[in-house]
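> coords please:
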Amino acid sequence: MIFFGLDIQVKTGREIINKTAQYTVQSLMWTRKDLAAKAGLDANNASNKDWANWISKNKLDPAELVKQVAPTGRVDSTPYQKAKWDDVQGYVGGDTADRHYGDSLHIVAEIAQVSKSTDQSDGNKGSKQTYDIDNGQRYVDWKLDLNMASNPYGRDTVDTKTDMTVTDTLPSKLHYLPSTAYLGGDYKENTPSQGSVANGTRIEPNATLNADGTTTLVWHLDNIDTSKQYTIHYSTSIGDATDPDNDVVNAEQLTNKVSVSTYRSPVRPKMDLTHSEYTIKISRLNLTTLAIKADPLVNEVNSALHWKSIKTNNLETPLSNPIATAIMPNTANTLSSYHGDWVLTGIHISPRNGSQLGDGHLVYSTDSKYLTTDPSNIKTTDVKDWKTLPFDSTTGIAAIPQNLHPTAWAWVGDKPLPGGSSLMFDITIQPSNNRPADLYSIRWGDGYNKTDADVTVVQRVVSGVVWYDKDGNGIREDTDALASNVTVTLTDSNGTPVLGYDGKPLADTTDKDGTYRIVGIPAGSGYQVRFSPGRRDSWLKLKVTAKNAKGSTKATNSAADPISDTSGMKGAYINLNDFPSPSQMASPVYEDVYENCGIIRVVMPYLETPIASMPFTGGRLLLVLAAISSLSLVVGLVLLRPQKTGKKH
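Coordinates of the predicted model:
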């Protein structure tokens, strides 16, 4: 087998950007047996030196030799097609045949770089890698540093703005904490608790739960200055303390992977500066004492909300006077923020590893003073006057009174909790009249410690801009007018409006800046956004601009198709991506951004002749006034009767 390489110098200058160079190979192969007669050499006994001397002496040209002696092997590059970049499909071609036929080099204007580490410190000026679960270190604060590779050919060869996509994949035992992502800002460590970011811009990712248990976070950053460095901060939790069988174990390693691309350089993730990985290590010698989690983290409007909590005795000896207290969701302690009301509909107790259902009882209170009480300060003596909440001693299912809205409830041990044993609690509430993005938090405590867990009502959003494309190039520019008073409606594929949580059609009207935003979209597929002019306007003489125009970005392009009949364009529409269900979401917010609609005006000539210079015949003057409003053509006819001058006779 023979290998060889070529060093090729890439030209400089803006004119080569988005061009593709092609290199193909056509190879011919002869065996010694094929050439023995022509060379006058013995195919089996002639030495390598003999063959080398013959080839050198005759200066063989393969193109001529193939006409004289048929080769045993031939590789023809004809099937290979040069790669090209298409603004809609991405890279096309370049793989028509196998790579031994040829390869393509696509020249890009920029290459993004990403570096990943933890925001927390290891105490020695480095990034933290080891997390001590026994000391409550269940939060990882992450940092993604983003910038562009240096351009050796000068700033004049590239644009200074671009769109960037960051894709971060979390392993199954790292869980994104909703509403913790910020672009920029000042990070402050708070180990073992989650850190905080001040002065940053919140940028919630689209977070998707994958079938293999991993989570994919995607950020779309538009109008990024290629000369600057950007940092994304966000936080994750480690493992699941409420499920000891599937929680993290000592010495376990969790690897987080991130990749970055830009609109003008959508390179595939690979092991170079467009890709970064960071691995944390788990230290754990004992079991957790107290934990609670929302299950699932998000749910639909007016759907039941669930939590799982656990109380564990990590001692070898029984624990006297055990208690576990839940402060229920309320807006007084500022942990929760929701509309409407809720009622408690379920508590299910499950004993583990030696604990018994008959070893304790449930109590509850409706006293408002417990709304802001710290459950780590509530002891068994504090709940003696609470009302009893009976449960089945066989199934562990509590008998919940109708419309019960407790401020707090507690499990109180009548006997010591055996060493190494646990009690698990499944908690369910049923909200009413809530809205997207509402937040419900339960605070869980055991007389010594406390922890919180949130459930959020999902908020699915579609947004974009409607504008008039002055030059028809398909790119929204500063000189283009923005379209106000355009009705944008979410529909199914047949044009039927989709209804929101309140039973009303989901729609919005564009503001002066041309923007629209539709909130509260139900999970589903086959949705469209449909654009229609205001009641006083008409689009019959207009048309949509080019889709996904070359040179545009996601923020500045148009994705709309026309809705037309024989009279002209009546509106426009965009087919949308699927909107995920709660089970597919690791974040409460999913926003389909940049669903933009560009419209081309029909230019009508204005009346250019000044009124003062128009010929006057002494009769009636017919003046045609023509004007173009923000959306439609207005034509009026005005009859002017000239006034006579002079004295009456």
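
> could you list the low-confidence segments of this protein?
1-6, 8, 14, 18, 78-79, 84-101, 149-159, 263-273, 286-288, 602-649 (pLDDT under 70).

> all the helices of it, residue numbers only.
32-39, 48-58, 62-68 (DSSP state H).

> so what does the second one touch, helix or strand wise?
Contact partners of helix 48-58 among helices and strands, from 3 or more C-beta pairs under 8 Å, 6 or more residues apart in numbering; DSSP states H and E: helix 32-39. Where C-beta positions appear, they are placed from N, C-alpha and C, glycine not excepted.

> please identify the buried residues of the helix it packs on?
Neighbour-count burial for helix 32-39 flags 34, 35, 39 (criterion: 16 or more other C-beta atoms under 10 Å).

> closest to the centroid, which residue in the protein?
Centre of the chain computed as the mean C-alpha position; nearest residue by C-alpha atoms, centre = their mean is residue 206, 2.6 Å away.

> ok, that one - contacts?
When contacts are counted by C-beta atoms under 8 Å, 6 or more residues apart in numbering, residue 206 is found next to 217, 218, 219, 587, 590, 591.

> kindly provide the distance from residue 568 to residue 528.
20 Å (C-beta to C-beta, to the nearest Å).

> show me which of these two is the more surrounded one.
residue 528 (21 against 14; other C-beta atoms under 10 Å).

> mind giving me the domain ranges of this protein?
19-96, 112-283, 315-433, 459-600 (automatic domain parsing).

> adding distance to residue 447, write those out as a markdown table.
Shown next, in a markdown table, are the domains of the chain (distance: least, C-beta to C-beta, whole Å):
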| stretch | distance to residue 447 |
| --- | --- |
| domain 19-96 | 58 |
| domain 112-283 | 17 |
| domain 315-433 | 5 |
| domain 459-600 | 32 |
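
> residue 13 is nearest to which of those?
domain 112-283 (6.1 Å; C-beta to C-beta).

> now do the closest one: distance to the chain's middle.
Put simply, domain 112-283 sits 13 Å off its chain's centre (C-alpha atoms, centre = their mean, to the nearest Å).

> for stretch 567-577, same thing?
Using C-alpha atoms, centre = their mean, the offset of stretch 567-577 from its chain centre is 26 Å.

> kindly report the same for stretch 514-530.
16 Å.

> between the two ends of it, how far is it?
15 Å (C-alpha to C-alpha, to the nearest Å).

> restricted to strands, list the contacts of residue 206.
Residues of the contacts of residue 206 located in strands (DSSP state E): 217, 218, 219, 590, 591.

> out of these, which end up buried?
Buried residues within those, defined by neighbour count using 16+ other C-beta under 10 Å: 217, 219, 590, 591.

> relative to residue 260, which of the residues you listed is nearest.
For those, the nearest to residue 260 is residue 219 (9.4 Å; C-beta to C-beta).

> report the beta-bridge partners for the nearest residue in space to residue 229 that is not next to it in sequence.
Nearest residue to residue 229, sequence neighbours excluded (C-beta to C-beta, 6 or more residues apart in numbering): residue 147, at 4.2 Å. Here residue 147 shows beta-bridge partners residue 113, assigned using DSSP bridges.

> try residue 422
residue 312, residue 352.

> pretty sure it is touching residue 314, no?
No. Applying C-beta atoms under 8 Å as the test, residue 422 and residue 314 come out as separate, 9.4 Å apart.

> what about the two, which has more around it?
residue 422 (23 against 15).

> roughly how far does that one sit from residue 448?
16 Å.

> please apply the same query to residue 360.
17 Å.

> those two: which has the busier surroundings?
Legend: neighbour count by other C-beta under 10 Å for residue 360 and residue 448, higher for residue 360 (23 against 11).

> okay if I get the helices of the chain as a markdown table plus distance to residue 542?
Below are these laid out as a markdown table (distance: least, C-beta to C-beta, whole Å):
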| stretch | distance to residue 542 |
| --- | --- |
| helix 32-39 | 70 |
| helix 48-58 | 71 |
| helix 62-68 | 60 |
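
> that older thread, now the ones in strands among the contacts of residue 206 in JSON lines, with distance to residue 550?
Output for these, formatted as JSON lines (distance: C-beta to C-beta, whole Å):
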{"residue": "217", "distance to residue 550": "29"}
{"residue": "218", "distance to residue 550": "24"}
{"residue": "219", "distance to residue 550": "25"}
{"residue": "590", "distance to residue 550": "29"}
{"residue": "591", "distance to residue 550": "26"}
